[in-house]
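Colleague: sequence below, structure please.
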Amino acid sequence: MHSDDPIINIGVNASLAHAYLDDHKLFVEQLTSILQSTMPHAIKVKWKGGLFAEKQIAKVTIELDGVEHILELAKSGAYISQRARVVGGIRLKTESVTMKEWFASLTALISEAAENHQAAQEAFTQITGN
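Modeller: Sure thing, here's the model as predicted:
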């Protein structure tokens, strides 16, 4: 239903924005939880809040194959997605990307790491006979 009342439109837009931020937050929390349990060596998490304030993820950094994927909480409550090239532990270039690009890039690196891990396991099995 469409309304021409600007007050109603502002309320609807605010409600949609709030739902988006809640979904965004839930996505980041679930992704972080999965990566912490499956790839703890590749993820760093910074938290904010606690005790008297709601505890939430302030920043997540996932580093795979010389690329950091960063999600950082902005003052607006949304997460900013960035990708950075890292060589020898030094961040060379950081770029802002859309969440869709960020997720596609991270997924591709995770898939590649899983394939390499599987290939290494197969080689180990062949070498050792286990």
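Colleague: do you have the strands of this protein handy? List them.
Modeller: 43-50, 53-64, 67-73, 79-87, 90-96 (DSSP state E).
Colleague: now the second one: buried residues?
Modeller: Put plainly, it is strand 53-64. By 16 or more other Cβ atoms under 10 Å, the buried positions in strand 53-64 come out as 57, 60-64. C-beta here means a position set from N, CA and C on the backbone, and glycine is covered the same way.
Colleague: turn the residues you listed into JSON lines, columns for distance to G50 and pLDDT.
Modeller: Output for these, formatted as JSON lines (distance: Cβ to Cβ, whole Å; pLDDT from 0 to 100):
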{"residue": "I57", "distance to G50": "12", "pLDDT": "92"}
{"residue": "V60", "distance to G50": "17", "pLDDT": "95"}
{"residue": "T61", "distance to G50": "20", "pLDDT": "96"}
{"residue": "I62", "distance to G50": "23", "pLDDT": "93"}
{"residue": "E63", "distance to G50": "25", "pLDDT": "93"}
{"residue": "L64", "distance to G50": "29", "pLDDT": "89"}
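Colleague: need the max-distance pair from those.
Modeller: In the buried residues of strand 53-64, two members sit farther apart than any others by Cβ to Cβ. They are I57 and L64, at 18.7 Å.
Colleague: closest one to L106 among the strands of the chain?
Modeller: Here strand 67-73 is closest among these (Cβ to Cβ), at 4.7 Å.
Colleague: by how many degrees do the closest one and strand 43-50 diverge?
Modeller: 10 degrees (axes from the mean of the first three to the mean of the last three Cα atoms, to 10 degrees).
Colleague: begin at 267, not 1, for the rest of this chat.
Modeller: Got it, the first residue is 267 from now on, which makes the last one we talked about strand 333-339.
Colleague: who does strand 333-339 pair up with?
Modeller: strand 319-330 (antiparallel), strand 345-353 (antiparallel) (DSSP bridges).
Colleague: lowest average pLDDT across those?
Modeller: Mean pLDDT values for the strands paired with strand 333-339 show the minimum at strand 319-330, a mean of 90.
Colleague: okay, the angle between that one and strand 356-362?
Modeller: 110 degrees.
Colleague: contacts for strand 319-330 next, please.
Modeller: Under the contact criterion Cβ atoms under 8 Å, 6 or more residues apart in numbering, strand 319-330 has outside partners 291, 294-295, 297-298, 301, 305, 308-315, 334-339, 352, 372, 375-376, 379.
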